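S.K.: What would the 3D arrangement of this be:
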Amino acid sequence: MAKILVADDSLAELQIIQQTLQSTGHSIVTVMDGEAAEAKAKSEKFDLIILDVIMPKKNGFQVCREIKTNDSTKNIPVIMVTSKDQESDKFWGMKQGADEYLTKPFKPEDLLKTVKKYI
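M.R.: Residues are numbered from 1 along each chain as shown. Next up, the predicted model:
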């Protein structure tokens, strides 16, 4: 089973993502701000990271850039899941190193399909 880090400052969104991934049997670790996401990514081994963009302390773009430029975490796939749905947001997310960019609200099957692609 894979270990997935999910970072979102909304408890409701965290629960939606957790419930969506629950059926996969993967281990899910959640955090609610960007600094916590970055610290977890560096201190534990994850197979996949799901990041919101708008979070306190550090936004998802900053966290993604840090993960993708750090030698110990750069190979972990990052899926951004966010309400920022402009083409410029997606472009910027991919430029920071995101492997995928999903917008909220998402269909559970889209998230599952995307996760399956990387695990």
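S.K.: any residues touching stretch 70-77, and which ones?
M.R.: Stretch 70-77 is contacted by residues 41-42, 46-49, 67-68, 97, 99-100, 118 when judged by C-beta atoms under 8 Å, 6 or more residues apart in numbering. Just so you know, the C-beta spots here come from the backbone N, C-alpha and C atoms, and that holds for glycine as well.
S.K.: Among these, name the ones in strands.
M.R.: Those of the contacts of stretch 70-77 mapping onto strands are 48-49, 100, per DSSP state E.
S.K.: Buried subset of the contacts of stretch 70-77 as a PyMOL selection?
M.R.: To isolate the buried members of these in PyMOL, using 16 or more other C-beta atoms under 10 Å:
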select buried, resi 41+46+47+48+49+67+68+97+99+100+118
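S.K.: Of all pairs in the contacts of stretch 70-77, which one is the farthest apart?
M.R.: Within the contacts of stretch 70-77, K42 and E100 form the most distant pair, 21.4 Å apart (C-beta to C-beta).
S.K.: just the contacts of stretch 70-77 now: which is nearest L21?
M.R.: For these, the nearest to L21 is L48 (9.7 Å; C-beta to C-beta).
S.K.: So the closest one sits against Y118, correct?
M.R.: Yes. At 5.4 Å, L48 counts as touching Y118 under the criterion of C-beta atoms under 8 Å.
S.K.: Need the overlap of contacts for those two.
M.R.: Each of 77, 79 lies in contact with both L48 and Y118 under the rule C-beta under 8 Å, 6+ apart.
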